[in-house]
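>>> only the shape, not the letters, is given here:
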């Protein structure tokens, strides 16, 4: 099977693909749109997209793409983002004068770099910074990227886990044309809109609370241009085909202006 | 008064400062941490921080900083992010061969750039791309940044509003050492944690629903490392000192493990 991801070879998303799927062929895509298109066109059997990061929040763009495409969420994976300090083989830490990476990665290692007294320079992406370093052969420059990027370009990892905040996790969703019926503990992701009136979300949530269904995520998102409408994202424990869940969704359908089940999938267990 | 913001002069955050505060002195800060520190140390009377974007989601890092500091939210502002195509004076659109900007801005104008058939090159930030262009004097290169950045560096705006999705808004919060008591329609932002058991959020929300208090935002955030604890962010209409709100917060305090009012402030009206 081939799996699409957004980014260059060696990107954190590609690392997540290998961790989650094992040995598969990957297709690097320049944008999330292309990841979805690759699955729709059957060029790839599945795609793996980031949906939220513990520091940066939900990636609304991917929720929009899930709504615009007729694909199903079939799995989830949680990647601990561990940044590596990467150099040419044989370079010592005290020789480094400059470090290059994507601005977000540099920001997440700011305290570490301040302590080392190293100058930071922003480039297009994390894996790309390792590729650049390999090409220009600079012995006094380091890159910040994933372990996978270092291995891909046969470079040296001087230190792993140099991010200031170790609580840096990205949640990924696997998407496919064909839905799955999980036999193990399942999670279901839904999106819906409600009329904006006091208590409407409370009513909507009662369909889960009255049936002891456990929510694992809830998020509201104002719809710009429609100042009185909101989109809600909810994840809960249970599969769409469970009787209790089916009843809760029927019940929610009575209140919701729009309701879409994005998929039921095996819950990720660390 | 002096107002702190994150970014370079000409950044979208600085544009938001001028739109919201009018003519004030600004302090560009290299990180959100420095914005908070500048207000804590009285170097700046207020700071303006982005808290959520309509495409990219909530900026959790700034919620973390609000929790770590004893500051108050005293205002909100909604900026429509409008990207400008910026060149040296006199350059015509058909002469442009390359465009430089922050990767996020390039991504948000991807379809526009594809139509023009222009190559995109990523640099550190949006305002910085205009500064670079001014310095190197390249007539075949354009930058993508805010109107403010073009004005600051006395450059030409060839086109405004070139983003693919016009529903691109960033919500900013003004932070200060001194809380305000809004006399007009107010919004209040709170953060709390709950024991993770089915229905606990439903109970917590009942304190608002039973009093017809209108929620404008709700978001859950799993606490990494504490797999059974969640942080919740809620915004609602009303001020902390309103009697109904006070009662609702007292009531919520009975369930919540932690509850913090981040501030009551005048609601932004377009």
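It's in. Worth saying up front: this structure is predicted, and the values here are computed from it rather than measured.

>>> hmm, residue A:76 is touching residue A:172, no?
Yes - Residue A:76 is in contact with residue A:172 according to CB atoms under 8 Å; the separation is 6.8 Å. Every C-beta, even on glycine, is put in place using the N, C-alpha and C of the backbone.

>>> more neighbours, those two?
Comparing residue A:76 with residue A:172 by other CB atoms under 10 Å in any protein chain shown, the one with more neighbours is residue A:172, at 25 against 20.

>>> before we move on, which element is that one in?
Using DSSP states H and E, residue A:172 sits within strand A:169-176.

>>> that strand - contacts with which helices or strands?
Contact partners of strand A:169-176 among helices and strands, from 3 or more CB pairs under 8 Å, 6 or more residues apart in numbering or on different chains; DSSP states H and E: helix A:12-21, helix A:32-40, strand A:46-53, strand A:72-80, strand A:258-266.

>>> for residue A:193, give the beta-bridge partners.
Note on residue A:193: beta-bridge partners by DSSP bridges are residue A:231, residue A:258.

>>> state the distance from it to residue A:15.
From residue A:193 over to residue A:15 the distance is 35 Å, taken as CB to CB, to the nearest Å.

>>> same drill for the two, tell me which one is more crowded.
Neighbour count, other CB under 10 Å: between residue A:193 and residue A:15, residue A:15 has more, with 22 against 17.

>>> the strands in the stretch 151-270 of chain A, which residues?
Remark: strands assigned in the stretch 151-270 of chain A by DSSP state E, counting those that start in this stretch are A:156-160, A:169-176, A:186-195, A:215-222, A:229-237, A:258-266.

>>> out of the ones you listed, deepest packed?
Burial of these is given as mean neighbour count (mean count of other CB atoms under 10 Å in any protein chain shown); strand A:169-176 ranks first at a mean of 22.

>>> strands paired with that one, and their directions?
Using DSSP bridges, the strands paired with strand A:169-176 are strand A:46-53 (antiparallel), strand A:72-80 (antiparallel).

>>> residue A:117: how many residues sit nearby?
Residues lying near residue A:117 (other CB under 10 Å) number 8.

>>> distance check, it against residue B:79.
For residue A:117 relative to residue B:79 (CB to CB), the value is 36 Å.

>>> same deal with residue A:125?
Taken as CB to CB, the span from residue A:125 to residue B:79 is 27 Å.

>>> and what of residue A:111?
Look at residue A:111 and residue B:79: by CB to CB, they are 29 Å apart.

>>> with neighbour numbers in mind, choose between the two.
residue B:79 (21 against 13).

>>> measure the nearest residue to that one once chain neighbours are set aside to residue A:55 for me?
Nearest residue to residue B:79 in three dimensions, chain neighbours excluded: residue B:16, at 4.5 Å (CB to CB, 6 or more residues apart in numbering or on different chains). Distance, residue B:16 to residue A:55, using CB to CB: 22 Å.

>>> got the residues of the stretch 101-250 of chain A near chain B?
Residues of the stretch 101-250 of chain A found near chain B (CB under 8 Å from any CB of the partner chain) are A:102-103, A:107, A:110, A:122-125, A:167, A:169, A:198-199, A:201-202, A:205-206, A:208-209, A:212-222, A:224-225, A:227.

>>> separate out the buried members of those residues.
When these are checked for burial by 16 or more other CB atoms under 10 Å in any protein chain shown, the buried set is A:102-103, A:107, A:122-125, A:169, A:199, A:201-202, A:205-206, A:208-209, A:213-222, A:224.

>>> domain map for chain A?
A:2-80+A:168-176, A:84-160, A:186-266 (automatic domain parsing).

>>> residue A:112 sits in which helix or strand?
helix A:110-116.

>>> and that helix, what does it pack onto?
Helices and strands touching helix A:110-116, by 3+ CB pairs under 8 Å, 6+ apart: there are none.

>>> now it: buried residues?
A:112, A:113, A:116.

>>> do stretch A:65-80 as well
A:65, A:66, A:71, A:72, A:73, A:74, A:75, A:76, A:77, A:78, A:79.

>>> tell me who's in contact with residue A:195.
Residue A:195 is in contact with residue A:257, counting by CB atoms under 8 Å, 6 or more residues apart in numbering or on different chains.

>>> quick one: low-confidence ranges for chain A?
Low-confidence segments of chain A (pLDDT under 70): A:224-228.

>>> residue closest to the middle of it?
residue A:50 (1.6 Å; CA atoms, centre = their mean).

>>> who does the residue nearest to that one when sequence neighbours are not counted form a beta bridge with?
Among residues not flanking residue A:50 along the chain, residue A:170 sits closest, at 5.0 Å (CB to CB, 6+ apart). Using DSSP bridges, the beta-bridge partners of residue A:170 come out as residue A:53, residue A:79.

>>> ok, now residue A:86?
Here residue A:86 sits in beta bridges with residue A:143, residue A:157, as judged by DSSP bridges.

>>> which residue is the nearest non-sequential neighbour of residue A:103?
Nearest residue to residue A:103 in three dimensions, chain neighbours excluded: residue A:122, at 4.5 Å (CB to CB, 6+ apart).

>>> thought that neighbour was touching residue A:144?
No - with contacts counted by CB under 8 Å, residue A:122 stays clear of residue A:144, the gap being 10.7 Å.

>>> okay, and the common contacts of these two?
Joint contacts of residue A:122 and residue A:144 (CB under 8 Å, 6+ apart) are A:100, A:101, A:106.

>>> any of the residues you listed buried? List them.
Buried, going by 16+ other CB under 10 Å: A:100, A:101, A:106, out of the shared contacts of residue A:122 and residue A:144.

>>> redo those as JSON lines? Include distance to residue B:30.
Below are those laid out as JSON lines (distance: CB to CB, whole Å):
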{"residue": "A:100", "distance to residue B:30": "17"}
{"residue": "A:101", "distance to residue B:30": "16"}
{"residue": "A:106", "distance to residue B:30": "11"}
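
>>> how about those in a markdown table, adding distance to residue A:261 and secondary structure?
A markdown table is the format used below for these (distance: CB to CB, whole Å; DSSP: H, G, I helix; E, B strand; the rest coil):
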| residue | distance to residue A:261 | secondary structure |
| --- | --- | --- |
| A:100 | 43 | strand |
| A:101 | 38 | strand |
| A:106 | 39 | helix |
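
>>> so residue B:16 and residue A:55 - more neighbours on which side?
Comparing residue B:16 with residue A:55 by neighbour count (other CB under 10 Å), the higher total belongs to residue B:16, at 25 against 19.

>>> from chain B, how far off is the nearest residue to residue A:241 once chain neighbours are set aside?
Nearest residue to residue A:241, sequence neighbours excluded (CB to CB, 6+ apart): residue A:181, at 6.0 Å. Distance of residue A:181 to chain B, computed by CB to the nearest CB, to the nearest Å: 23 Å.

>>> from residue B:16, how far off is residue A:181?
In this view, residue A:181 and residue B:16 are 48 Å apart by CB to CB.

>>> now do residue A:187
Using CB to CB, one gets 37 Å for the distance from residue A:187 to residue B:16.

>>> would you agree residue A:168 is in contact with residue A:81?
Yes - counting by CB under 8 Å, residue A:81 is a contact partner of residue A:168 at 4.3 Å.

>>> shared neighbours of the two, which are they?
With CB under 8 Å, 6+ apart, residue A:168 and residue A:81 have common neighbours A:53, A:108.

>>> which of those two has more neighbours?
residue A:81 (23 against 19).

>>> isn't that one up against residue A:12?
Yes - the pair residue A:81 and residue A:12 passes the contact test of CB under 8 Å, sitting 6.1 Å apart.

>>> so what touches stretch A:259-270?
A:66-67, A:72-78, A:173-175, A:179-182, A:184-192, A:237-241, A:249, A:252-253, B:227.

>>> again, only using 6 Å
For stretch A:259-270, the surrounding residues in contact (CB atoms under 6 Å, 6 or more residues apart in numbering or on different chains) are A:66, A:72-78, A:182, A:184-192, A:239-240, A:253.
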